[in-house]
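Participant: I would like to see how this sequence folds:
(2 chains)
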There are 2 protein chains.
Amino acid sequence: MKPLQISAVLFPGFELLDVFGPLEMFGLLGGRARLRLLAEDVGPVMSSAGIQAFADYRIEEGADILLVPGGIGTRQLVESPGFLERLRKVAGASEIVASVCTGSALLARAGLLDGKRATSNKLAFEWVVSQGPKVNWQRRARWVVDGSVWTSSGIAAGMDMSLAVIADRFDHATASEIARRAEYLWNESSEEDPFAVEK
Amino acid sequence: MKPLQISAVLFPGFELLDVFGPLEMFGLLGGRARLRLLAEDVGPVMSSAGIQAFADYRIEEGADILLVPGGIGTRQLVESPGFLERLRKVAGASEIVASVCTGSALLARAGLLDGKRATSNKLAFEWVVSQGPKVNWQRRARWVVDGSVWTSSGIAAGMDMSLAVIADRFDHATASEIARRAEYLWNESSEEDPFAVEK
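Facilitator: Below is the predicted model of the structure:
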């Protein structure tokens, strides 16, 4: 079987764990997955924490599973028609699109969440909602699946969602075994959200 | 107050989440911390998952808090006297040395754990033990503190340890607030270790 291509979209000001939490879990699929970091240009990309990851491919490369992180950099990117157009194109060609944290604001502005259920970071929720008036935003959810689009709550929630993606795409035993190897206490319920903030 | 310098040592075959889980937590200290990625040479460093981070400084740069990850690359590095000597030097000049996963095998081979209590990844435990016959290895511990040396269990345990380092170095409220902002369910007890494997 051809390895599943799983790629994260980097941009200046991306949140570290939004990218590397999910990629740790997908990486533990071993030969069943092939990971890549994509960006506007090949080269180092600065995170919000002031350290850099290195993108080997451009966004146009696409993926089977496209991971879209959040981070302070999303505040500028929602105003970039060029980026949003590229995101819309590669997302459309992906089997699954999965966002973490404020990454869902990018999906919303790219029109990828219109008419869909979605969630986001709980500390930036009102801002994210303002980016997608046609989205059915879920205030209480660790993550949400609607068709091929998965959206998770803030930062660490991306790991729980990724294990759920693995359970869905492979099987539950594979996801459980990966959580065990990562010594990660997987929060398996998408509905349990201890960080939900009511309006 | 001068920001705390927190640096992770990268090497080929490092484990992604061992580095970026802790750095996410430390990064949420904002202006109170300054993060860096160190390596043998400045430039991209390949993780065990096939994607790269970018080291801006050489190992000799050192840090106040030195983070030593694990990963498959440790199997070669334990046989590198040059690396172990550099590690010993910068660790000796650090306020805190903290390892994640099989990073403790590197600390052990550098002689930094002799006579100390320490732990490691539970799936590679026997190999790690074989790297440090003078270490008081703890089979059941999410993380262990002995003087200025902190060692954690596998991969995800590094995040729990890092929050405990923050609670120790700053205060508990700061660590709790960071966990909340990361939407991370902090496993606060160093003694609760659901992944322990008895010999």
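Participant: need the strands for chain A, in chain order.
Facilitator: Shown for chain A, the strands assigned by DSSP state E span residues A:4-9, A:33-39, A:43-46, A:52-55, A:57-58, A:65-68, A:96-99, A:117-118, A:136-137, A:143-146, A:149-152.
Participant: any chance of those in CSV, with mean neighbour count too?
Facilitator: Where C-beta positions appear, they are placed from N, C-alpha and C, glycine not excepted. Formatted as CSV, the strands of chain A follow (neighbours: other C-beta atoms under 10 Å in any protein chain shown):
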stretch, mean neighbour count
strand A:4-9, 24
strand A:33-39, 22
strand A:43-46, 18
strand A:52-55, 23
strand A:57-58, 14
strand A:65-68, 27
strand A:96-99, 26
strand A:117-118, 22
strand A:136-137, 18
strand A:143-146, 21
strand A:149-152, 28
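Participant: tally of neighbours for residue A:198?
Facilitator: For residue A:198, the tally of surrounding residues (other C-beta atoms under 10 Å in any protein chain shown) stands at 5.
Participant: contacting residues for it?
Facilitator: A:139-140 (C-beta atoms under 8 Å, 6 or more residues apart in numbering or on different chains).
Participant: give me the low-pLDDT residue ranges for chain A?
Facilitator: Scanning chain A with the threshold set as pLDDT under 70 gives A:199.
Participant: Dump the strands of chain A into a markdown table; add distance to residue B:157 as well.
Facilitator: As requested, the strands of chain A are arranged in a markdown table below (distance: least, C-beta to C-beta, whole Å):
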| stretch | distance to residue B:157 |
| --- | --- |
| strand A:4-9 | 23 |
| strand A:33-39 | 22 |
| strand A:43-46 | 28 |
| strand A:52-55 | 22 |
| strand A:57-58 | 32 |
| strand A:65-68 | 23 |
| strand A:96-99 | 25 |
| strand A:117-118 | 31 |
| strand A:136-137 | 34 |
| strand A:143-146 | 23 |
| strand A:149-152 | 22 |
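Participant: Out of those, flag the one nearest residue B:80.
Facilitator: strand A:52-55 (23.1 Å; C-beta to C-beta).
Participant: before we move on, back to that, format the strands of chain A as a markdown table; extra columns: distance to chain B.
Facilitator: Formatted as a markdown table, the strands of chain A follow (distance: least, C-beta to the nearest C-beta, whole Å):
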| stretch | distance to chain B |
| --- | --- |
| strand A:4-9 | 8 |
| strand A:33-39 | 5 |
| strand A:43-46 | 4 |
| strand A:52-55 | 4 |
| strand A:57-58 | 10 |
| strand A:65-68 | 11 |
| strand A:96-99 | 14 |
| strand A:117-118 | 16 |
| strand A:136-137 | 16 |
| strand A:143-146 | 11 |
| strand A:149-152 | 9 |
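Participant: Leaving out sequence neighbours, find the closest residue to the residue positioned nearest the centre of chain A.
Facilitator: Centroid check for chain A by C-alpha atoms, centre = their mean gives residue A:99 as the closest residue, at 2.5 Å. Nearest non-adjacent residue to residue A:99, counting by C-beta to C-beta, 6 or more residues apart in numbering or on different chains: residue A:68, 4.3 Å away.
Participant: For that neighbour, give me its contacts.
Facilitator: So residue A:68 contacts A:8-9, A:87, A:91, A:97-100, A:103-104, A:106-107 (C-beta under 8 Å, 6+ apart).
Participant: do that again at 7 Å, thanks
Facilitator: For residue A:68, the contacting residues are A:9, A:97, A:99, A:103, A:106-107, by C-beta atoms under 7 Å, 6 or more residues apart in numbering or on different chains.
Participant: Likewise for residue A:65?
Facilitator: Counted by C-beta under 7 Å, 6+ apart, residue A:65 has contacts A:4, A:6, A:94-96, A:98, A:165.
Participant: Which one of the residues you listed is nearest to residue B:114?
Facilitator: Nearest to residue B:114 among the contacts of residue A:65, with distances taken as C-beta to C-beta, is residue A:6, at 41.3 Å.
Participant: Just confirm the closest one contacts residue A:26, I think it does.
Facilitator: Yes: at 4.7 Å, residue A:6 and residue A:26 qualify as touching, with contact defined as C-beta atoms under 7 Å.
Participant: Common neighbours of the two, please.
Facilitator: A:33, A:35.
Participant: surely residue A:116 meets residue A:149?
Facilitator: Yes: judged on C-beta under 7 Å, residue A:116 makes contact with residue A:149 at a distance of 6.0 Å.
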